[in-house]
Every structure is written in structure tokens, then in C-alpha cells.
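S.K.: Test case, fold it:
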Amino acid sequence: MPWHDHHMKSGCCAVWLGLCLAASGGLIEVENDAALKQALGQLKAGTTLRIAPGRYRGGLAVSGVERLMVEAMDPQRPPEFVGGSHAWQFSRCNGLVVRHLVCSGQTGNGLNIDDGGDMQRPVRGVRIEKVSVLETGPRGNFDGIKCSGLAGLVIEDSRIEGWGGQAIDFVGCRDAVIRRCRITGRDGFSQATGPQFKGGCEDVVIEDCMLVNAGQRPIHVGGSTGEAYFRPPGSKFEARRISVRRNVIVGGDCATAFTGVDGAVFEGNVIVDPANWVFRILQETRLDGFAPCRNVVVRGNVIVFRRNGLRTGVNVGGGTAPETFRFERNWWFAKDDPQQSRLDLPGVVAGETHGRDPQIDPDTQLPQDPVALRLLGR
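M.R.: Okay, here's the model as predicted:
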């Protein structure tokens, strides 16, 4: 969508409120809370809402506006939305783009984007770019970014630090991508999981992200969803066809939990210092006809851990199908006892490497060993 900067000096109204409405192109500029509140009542399909640097009150809501873009006037000085139960809530906004914003100190969810409860019609084409969501919660089921019933969703180049429930929570989302995001836990926040995909999620990719101390389950493939919240209704899986690739996962109780997932690939990731387990295989939703956790491929990853303190390599819960898991060409290194680098793994295991130091760089958390880098495809 063009920026049409030449319109910014024309067609202005209510300048004393800090609001400028362009004569064409659907551009609205705001400079303070009062102007922003007024602008929300003027939004229509195709509007670009551009917000000046400064601090703004959270608790903003938009419903039913298609092809809306909400962005910073100056990307180098993004506006900050402080406090409120949420910073922004967008309901049924197909084609929404949100970029270059900061949200901080919300007591509920930082950003909330949903289908307005119409679970048979997903909202399509939402993009979140270069957004920071900081200090959400701090405790309880309060998420950095909450997405329900979205299709064709992209979240990229964004930062989440400190949250209560999930860093990013997908409920019934599909054809979605999270890429190049940095997700970091903070002391004082409960941080149950990092990104989580549940409630009928399918065809979701998380790639090229850095996750540091991102909670009990830094990446949660699946989850536990009440029957009334699945999208579409009647789904018999928490998640399926999920790809987790080229991420770096440092710390956390485990690196990734697979919970009620029916098909996933975990490939080309670096795992450093999980506290209790490397992976978990769990089943928390037990509805009639519901798929057990199954059909996961874990391949071409570098896993560095401390044998002392690790409970086991993979925690397998009841009601799952661990025999359908496949581990292949992974690189395992116990840095406190290299000779004890081999862990018990369920399912099919083939072509694993054990006990060779991949030489993790302390700054990037990537291996320096050239063979390990080739394994990761880097």
C-alpha cells in the first residue's frame, strides 16, 4: 500500500486535536489520545491510520474495518500504547496490517485479533510487522499477542518480552507464519508458554526466531482447548501440519512440547540448555474421536544440554502415540559429560550424532562447527 506522503500536508482538519485527514487515499494522521479516539470513529475500508511518536493510552478497539493499516508516522520512533486491559483489539478486520508499534504494561492481552466469535468464517490476511509487546500480565493467562480464528496470518520481525500466559497464542488459526521474531522471558512474569498453536490450528510455520527463557514450554505445538472454542467447531485435533524450523531455543523447562498434535516437523533448530526435558509428548484434550499426539518428525537439529539435572530426554505422557515419532540426523551434546550424550528416545531413531561439541557461539547461540552448520542448512 503506498504511503502517499505528499497528501500529509493537505486536507487537514481538527488540527488543534492533532488529527489530519487527507483529502484522498484514506489517510488519517493523529498526534495525541484525543485525536486517536476521534479517528477510530472515522475508520472505513482501506484507511491508513498513521500515529505520531509519543505515549498513548491502551484499551483501543476496532471492529469490522477491512484493509485497515495502523502504523507509526516515524518507524524509528514508534508510538507506545501503555496500560489498559489490552493495547488494541481488532475484531473481524480482514486485510489488517499493524506495524511499527509498541505495546506495554497491559493487564490482559497486548494485542488481541479475532474473528468476533464467528467461528465458521476465519478473518483473512492479517499482518503484524515490527511490533513490540512488553510486560503483559504479569501473571495468569494473559498473552502478548492473542489470535483467534485467523487465516493467512503473518507475524514477523517483532519482539515480545515478559508475559503471563502465552507469548503468542493461536486458537484455530491456519495458513499462518511467525518469522524472525525475538521472544524473551522476564523475571516476575509467569510465562506458561512461548508461541502456542491449539484449538484446531493447521498449516502453521514458526521459523528463524530466537526464544530465550520463554517459559515452561517455549514452543507449544498443540495445547488444551475447551470444546466450545475449536475453530472450526468439531475439529478433532489441537494442531496439525505444524512446521518448527531454523529457530534458536535457549532455556525453558523443555524446548518444545507436542500436545495433541496430529503431524508436525521440527527441523534445523538449535536447542541450548533445556532445564528438565528436551521434548515433551503429551495429551491434554481427550474428547471422543480426538487424535492422540502422533506423527512428528524431529530431524537435523543441534541439541546442547547438561546431563546433570535433566530428568529425561523426552517426557512421554499417557494417551499419546510416541511410536509414531521419528528422530533422525540430530546432533546431541551433553556439555557437562560428553560421553553421556545419548538419550533414550521413543519411536524410530536413525543417523544420530552423539558427544561431539558443536561449539556454540555465546553471542549468537549458533554452532561454529562447520559440520553442525551444514546439518542446520546454514
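
S.K.: Tell me, how many residues neighbour E161?
M.R.: By other CB atoms under 10 Å, the residues close to E161 number 20. C-beta here means a position set from N, CA and C on the backbone, and glycine is covered the same way.

S.K.: what do you get for R121?
M.R.: The local packing of R121 (other CB under 10 Å) involves 14 other residues.

S.K.: do the same with the one 10 residues further on
M.R.: When neighbours are counted by other CB under 10 Å, V131 registers 27.

S.K.: same deal with A52?
M.R.: For A52, the neighbour count with other CB under 10 Å is 18.

S.K.: Distance of it relative to E238?
M.R.: According to CB to CB, to the nearest Å, A52 and E238 sit 42 Å apart.

S.K.: ok, now A334?
M.R.: As judged by CB to CB, A334 and E238 stand 32 Å apart.

S.K.: And those two? Which one has more around it.
M.R.: Using other CB under 10 Å as the criterion, A334 and E238 rank with E238 on top: 31 against 20.

S.K.: What residues does that one make contact with?
M.R.: Shown in contact with E238 (CB atoms under 8 Å, 6 or more residues apart in numbering): 197-201, 222-225, 259-261, 285.

S.K.: How about stretch 300-314, which residues are buried there?
M.R.: 300-305, 310, 313-314 (16 or more other CB atoms under 10 Å).

S.K.: What's the mean pLDDT across stretch 346-357?
M.R.: For stretch 346-357, mean pLDDT is 98.

S.K.: Pull out the C-alpha coordinates of it and format them as CSV.
M.R.: Taking C-alpha atoms only, stretch 346-357 is exported to CSV below (Å, rounded to 0.1, in the frame of the first residue of the first chain):
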residue,chain,number,x,y,z
PRO,A,346,10.8,-43.1,21.6
GLY,A,347,9.8,-44.2,18.1
VAL,A,348,12.2,-44.6,15.2
VAL,A,349,15.7,-43.3,15.7
ALA,A,350,18.2,-43.1,12.8
GLY,A,351,21.5,-41.4,12.0
GLU,A,352,22.1,-39.5,15.2
THR,A,353,25.4,-37.9,16.3
HIS,A,354,26.4,-38.0,19.9
GLY,A,355,29.2,-36.5,22.0
ARG,A,356,30.8,-34.1,19.5
ASP,A,357,30.9,-30.4,20.6
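
S.K.: Show me what that stretch is in contact with.
M.R.: Contacts with stretch 346-357, where a contact means CB under 8 Å, 6+ apart, come from 281, 314, 316, 322-335, 338-339, 341-342, 369.

S.K.: Any of those residues buried? List them.
M.R.: Buried members of the contacts of stretch 346-357, scored by 16+ other CB under 10 Å, are 281, 314, 316, 322, 324-327, 330-334, 341, 369.

S.K.: Those residues in strands, which ones?
M.R.: Among the buried ones among the contacts of stretch 346-357, DSSP state E puts 281, 314, 316, 326-327, 331-334 in strands.

S.K.: For the nearest residue to F333 once chain neighbours are set aside, give me the pLDDT.
M.R.: Closest residue to F333 apart from its sequence neighbours, by CB to CB, 6 or more residues apart in numbering: V304 at 5.0 Å. Here, the pLDDT recorded for V304 equals 98.

S.K.: pLDDT weak spots in the stretch 201-350 of the chain?
M.R.: Scanning the stretch 201-350 of the chain for pLDDT under 70 picks out nothing.

S.K.: at 90 what do you get?
M.R.: Residue ranges of the stretch 201-350 of the chain with pLDDT under 90: 287, 291, 309.

S.K.: what about P233, how many residues close to it?
M.R.: Using other CB under 10 Å, P233 is surrounded by 12 other residues.

S.K.: Tell me who's in contact with it.
M.R.: By CB under 8 Å, 6+ apart, the contact list for P233 reads 119-120.

S.K.: Same check on L345?
M.R.: Applying CB under 8 Å, 6+ apart, we find L345 in contact with 313-314, 325, 327.

S.K.: Specify the local secondary structure of L375.
M.R.: Under the three-state scheme (DSSP: H, G, I helix; E, B strand; the rest coil), L375 adopts helix.

S.K.: circling back to that earlier point, looking at the ones in strands among the buried ones among the contacts of stretch 346-357, which one is closest to S91?
M.R.: For these, the residue nearest S91 by CB to CB is I281; the value is 35.3 Å.

S.K.: just checking, the closest one touches G313?
M.R.: No. Contact criterion CB atoms under 8 Å: I281 and G313 do not qualify, at 11.1 Å.

S.K.: and C181, what does it touch?
M.R.: C181 sits next to 155-160, 168, 209-210 when contact means CB under 8 Å, 6+ apart.

S.K.: Following the chain past the helix or strand harbouring I206, name the next helix or strand.
M.R.: Under the criterion of DSSP states H and E, I206 resides in strand 201-207. Using DSSP H and E, the helix or strand that directly follows strand 201-207 along the chain is strand 210-212.

S.K.: With that, I have no additional questions.
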